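Colleague: Whatever this is, show me its structure:
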Amino acid sequence: MPAVKVSLAAVAALFAATATSCGLGGGPEPVEIVGPAPTAPPFSASPKALPRAYDPKANAASQITEALARAKADGRPVMLDFGARWCAECATLQHIFRLQDVRPSLDRYHRVTIDVGRIDRHLGLARKYGLDLKRTGIPALVVLSPQGDVRTAGNEELYPAAGNDELLPETVTAFLRRWQ
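Modeller: The predicted model follows:
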(Lines give C-alpha, C1' and ligand atoms only; values in the text may rest on other atoms or scores of the structure.)
Protein backbone atom coordinates (compact mmCIF):
# COMPACT_ATOMS: atom_id res chain seq x y z
CA MET A 1 0.00 0.00 0.00
CA PRO A 2 2.84 2.51 0.65
CA ALA A 3 3.74 2.38 -3.05
CA VAL A 4 0.24 3.54 -3.91
CA LYS A 5 0.51 6.48 -1.51
CA VAL A 6 3.80 7.55 -3.07
CA SER A 7 2.34 7.21 -6.55
CA LEU A 8 -0.73 9.30 -5.68
CA ALA A 9 1.48 11.90 -4.02
CA ALA A 10 3.58 12.15 -7.18
CA VAL A 11 0.46 12.55 -9.32
CA ALA A 12 -0.94 15.18 -6.96
CA ALA A 13 2.33 17.10 -7.20
CA LEU A 14 2.14 16.94 -11.00
CA PHE A 15 -1.40 18.32 -10.98
CA ALA A 16 -0.43 21.07 -8.55
CA ALA A 17 2.43 22.13 -10.83
CA THR A 18 0.24 22.26 -13.94
CA ALA A 19 -0.84 25.76 -15.01
CA THR A 20 -4.47 26.60 -15.81
CA SER A 21 -3.92 24.81 -19.08
CA CYS A 22 -1.06 22.60 -20.15
CA GLY A 23 1.77 24.04 -22.14
CA LEU A 24 2.01 27.32 -20.25
CA GLY A 25 4.68 28.37 -17.80
CA GLY A 26 7.62 26.36 -16.52
CA GLY A 27 6.88 23.40 -14.34
CA PRO A 28 8.10 19.83 -14.61
CA GLU A 29 8.67 18.02 -17.88
CA PRO A 30 5.23 16.77 -19.03
CA VAL A 31 4.50 13.07 -18.75
CA GLU A 32 2.07 11.02 -20.79
CA ILE A 33 -1.11 10.28 -18.85
CA VAL A 34 -3.25 7.54 -20.30
CA GLY A 35 -6.78 7.00 -19.07
CA PRO A 36 -8.81 9.01 -16.55
CA ALA A 37 -7.07 11.34 -14.12
CA PRO A 38 -6.12 9.27 -11.06
CA THR A 39 -7.34 11.87 -8.56
CA ALA A 40 -10.81 12.13 -10.09
CA PRO A 41 -13.78 10.28 -8.60
CA PRO A 42 -15.00 7.04 -10.21
CA PHE A 43 -17.28 7.53 -13.19
CA SER A 44 -19.99 5.76 -15.12
CA ALA A 45 -19.54 5.89 -18.87
CA SER A 46 -22.50 5.66 -21.17
CA PRO A 47 -22.71 2.46 -23.25
CA LYS A 48 -21.30 4.10 -26.40
CA ALA A 49 -17.52 4.17 -25.88
CA LEU A 50 -15.57 7.31 -26.67
CA PRO A 51 -12.65 6.89 -29.08
CA ARG A 52 -9.17 7.17 -27.64
CA ALA A 53 -8.36 10.84 -27.54
CA TYR A 54 -5.42 12.58 -29.20
CA ASP A 55 -4.25 9.92 -31.64
CA PRO A 56 -0.99 11.23 -33.13
CA LYS A 57 -1.55 9.12 -36.28
CA ALA A 58 -5.04 10.46 -37.00
CA ASN A 59 -5.62 12.69 -40.02
CA ALA A 60 -7.23 15.67 -38.26
CA ALA A 61 -8.14 17.58 -41.43
CA SER A 62 -10.03 14.64 -42.93
CA GLN A 63 -11.75 13.91 -39.61
CA ILE A 64 -12.96 17.52 -39.48
CA THR A 65 -14.23 17.28 -43.06
CA GLU A 66 -16.12 14.07 -42.21
CA ALA A 67 -17.56 15.57 -39.01
CA LEU A 68 -18.76 18.66 -40.89
CA ALA A 69 -20.47 16.46 -43.50
CA ARG A 70 -22.30 14.59 -40.72
CA ALA A 71 -23.15 17.92 -39.05
CA LYS A 72 -24.71 19.30 -42.23
CA ALA A 73 -26.85 16.16 -42.45
CA ASP A 74 -28.13 16.19 -38.86
CA GLY A 75 -27.71 19.81 -37.70
CA ARG A 76 -25.46 19.01 -34.71
CA PRO A 77 -22.42 21.24 -34.11
CA VAL A 78 -18.83 20.02 -34.38
CA MET A 79 -16.41 20.24 -31.45
CA LEU A 80 -12.68 20.29 -32.14
CA ASP A 81 -10.79 19.16 -29.04
CA PHE A 82 -7.10 20.18 -29.23
CA GLY A 83 -4.89 18.42 -26.69
CA ALA A 84 -2.23 15.82 -26.02
CA ARG A 85 -1.87 12.60 -24.06
CA TRP A 86 0.88 14.00 -21.81
CA CYS A 87 -1.32 16.90 -20.63
CA ALA A 88 -2.85 16.40 -17.18
CA GLU A 89 -5.67 18.89 -17.83
CA CYS A 90 -6.47 17.12 -21.12
CA ALA A 91 -6.72 13.81 -19.25
CA THR A 92 -9.02 15.45 -16.73
CA LEU A 93 -11.22 16.82 -19.53
CA GLN A 94 -11.43 13.36 -21.13
CA HIS A 95 -12.46 11.93 -17.77
CA ILE A 96 -15.14 14.60 -17.36
CA PHE A 97 -16.46 13.84 -20.87
CA ARG A 98 -17.06 10.25 -19.71
CA LEU A 99 -19.11 11.19 -16.65
CA GLN A 100 -22.71 10.04 -16.76
CA ASP A 101 -24.03 13.57 -16.11
CA VAL A 102 -21.85 15.17 -18.81
CA ARG A 103 -22.11 12.56 -21.54
CA PRO A 104 -25.63 13.49 -22.78
CA SER A 105 -24.45 17.05 -23.50
CA LEU A 106 -21.29 15.82 -25.24
CA ASP A 107 -23.31 13.41 -27.38
CA ARG A 108 -25.03 16.42 -28.99
CA TYR A 109 -21.76 17.19 -30.82
CA HIS A 110 -19.67 15.59 -33.51
CA ARG A 111 -16.33 15.53 -31.70
CA VAL A 112 -12.89 15.47 -33.28
CA THR A 113 -9.86 15.11 -31.02
CA ILE A 114 -6.66 16.62 -32.40
CA ASP A 115 -3.24 15.68 -31.06
CA VAL A 116 -0.96 18.72 -30.88
CA GLY A 117 2.14 16.82 -29.75
CA ARG A 118 4.28 19.12 -27.59
CA ILE A 119 2.27 22.05 -28.98
CA ASP A 120 4.19 21.64 -32.21
CA ARG A 121 1.62 19.81 -34.38
CA HIS A 122 -1.53 21.08 -36.08
CA LEU A 123 -0.80 24.70 -35.10
CA GLY A 124 -1.90 25.91 -38.55
CA LEU A 125 -5.15 23.99 -38.19
CA ALA A 126 -5.68 25.56 -34.77
CA ARG A 127 -5.02 29.05 -36.19
CA LYS A 128 -7.52 28.37 -39.00
CA TYR A 129 -10.18 28.02 -36.29
CA GLY A 130 -9.10 31.01 -34.18
CA LEU A 131 -6.71 29.41 -31.68
CA ASP A 132 -3.15 30.33 -30.77
CA LEU A 133 -2.22 27.25 -28.77
CA LYS A 134 1.15 28.66 -27.74
CA ARG A 135 -0.79 31.46 -26.01
CA THR A 136 -3.81 29.59 -24.67
CA GLY A 137 -2.28 26.20 -23.95
CA ILE A 138 -4.31 23.01 -23.97
CA PRO A 139 -6.91 21.65 -23.72
CA ALA A 140 -8.60 24.06 -26.07
CA LEU A 141 -12.00 23.59 -27.70
CA VAL A 142 -13.49 25.01 -30.87
CA VAL A 143 -17.20 24.71 -31.59
CA LEU A 144 -18.25 24.93 -35.23
CA SER A 145 -21.75 25.38 -36.56
CA PRO A 146 -22.96 22.63 -38.91
CA GLN A 147 -21.95 24.97 -41.75
CA GLY A 148 -18.38 25.20 -40.42
CA ASP A 149 -18.51 28.68 -38.87
CA VAL A 150 -16.56 29.16 -35.62
CA ARG A 151 -18.98 29.73 -32.75
CA THR A 152 -16.34 29.79 -29.98
CA ALA A 153 -12.64 29.00 -29.64
CA GLY A 154 -10.41 28.76 -26.60
CA ASN A 155 -10.42 27.37 -23.11
CA GLU A 156 -11.40 30.28 -20.85
CA GLU A 157 -15.01 29.10 -20.54
CA LEU A 158 -13.89 25.70 -19.27
CA TYR A 159 -12.66 27.09 -15.96
CA PRO A 160 -14.83 28.52 -13.17
CA ALA A 161 -15.24 32.29 -13.05
CA ALA A 162 -13.92 32.31 -9.47
CA GLY A 163 -10.39 31.90 -10.84
CA ASN A 164 -10.09 28.28 -9.74
CA ASP A 165 -7.61 26.53 -12.03
CA GLU A 166 -9.54 23.27 -11.87
CA LEU A 167 -11.72 21.75 -14.56
CA LEU A 168 -15.12 20.92 -13.06
CA PRO A 169 -17.87 18.76 -14.56
CA GLU A 170 -20.50 21.47 -14.03
CA THR A 171 -18.40 24.08 -15.87
CA VAL A 172 -17.72 21.71 -18.77
CA THR A 173 -21.43 20.81 -18.94
CA ALA A 174 -22.37 24.50 -18.97
CA PHE A 175 -19.95 25.06 -21.86
CA LEU A 176 -21.40 22.13 -23.82
CA ARG A 177 -24.99 23.27 -23.25
CA ARG A 178 -24.21 26.87 -24.18
CA TRP A 179 -22.80 26.03 -27.60
CA GLN A 180 -24.96 23.05 -28.68
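
Colleague: use CA for all of it now, contacts and neighbours both
Modeller: OK.

Colleague: wait, doesn't residue 168 sit right on residue 175?
Modeller: No. If you go by C-alpha atoms under 8 Å, residue 168 and residue 175 don't touch, sitting 10.9 Å apart.

Colleague: how about the strands in this protein?
Modeller: 78-83, 110-115, 140-144, 150-154 (DSSP state E).

Colleague: list residues touching both of residue 168 and residue 175?
Modeller: residue 158 (C-alpha atoms under 8 Å, 6 or more residues apart in numbering).

Colleague: okay, these two: which has more neighbours?
Modeller: residue 175 (18 against 15; other C-alpha atoms under 10 Å).

Colleague: What are the buried residues along stretch 142-156?
Modeller: 142, 143, 144, 145, 146, 148, 150, 152, 153, 154, 155 (16 or more other C-alpha atoms under 10 Å).

Colleague: That stretch spans what distance, first to last residue?
Modeller: 12 Å (C-alpha to C-alpha, to the nearest Å).

Colleague: Make a markdown table out of the strands of the chain and add distance to residue 69 and mean pLDDT.
Modeller: Formatted as a markdown table, those follow (distance: least, C-alpha to C-alpha, whole Å; pLDDT from 0 to 100):
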| stretch | distance to residue 69 | mean pLDDT |
| --- | --- | --- |
| strand 78-83 | 10 | 97 |
| strand 110-115 | 10 | 97 |
| strand 140-144 | 12 | 96 |
| strand 150-154 | 15 | 94 |
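
Colleague: Would you mind saying which of those strands lies nearest residue 126?
Modeller: strand 78-83 (7.8 Å; C-alpha to C-alpha).

Colleague: helices and strands around that closest one, which ones?
Modeller: If contacts are counted by 3 or more C-alpha pairs under 8 Å, 6 or more residues apart in numbering; DSSP states H and E, strand 78-83 sits against helix 60-74, strand 110-115, strand 140-144.

Colleague: Identify the neighbouring strands of that strand in the sheet and state each direction.
Modeller: strand 110-115 (parallel), strand 140-144 (antiparallel) (DSSP bridges).

Colleague: As a markdown table, those with distance to residue 74 would be great.
Modeller: Rendered in a markdown table, the data for the strands paired with strand 78-83 read as follows (distance: least, C-alpha to C-alpha, whole Å):
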| stretch | distance to residue 74 |
| --- | --- |
| strand 110-115 | 10 |
| strand 140-144 | 14 |
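
Colleague: All good on my end, thank you.
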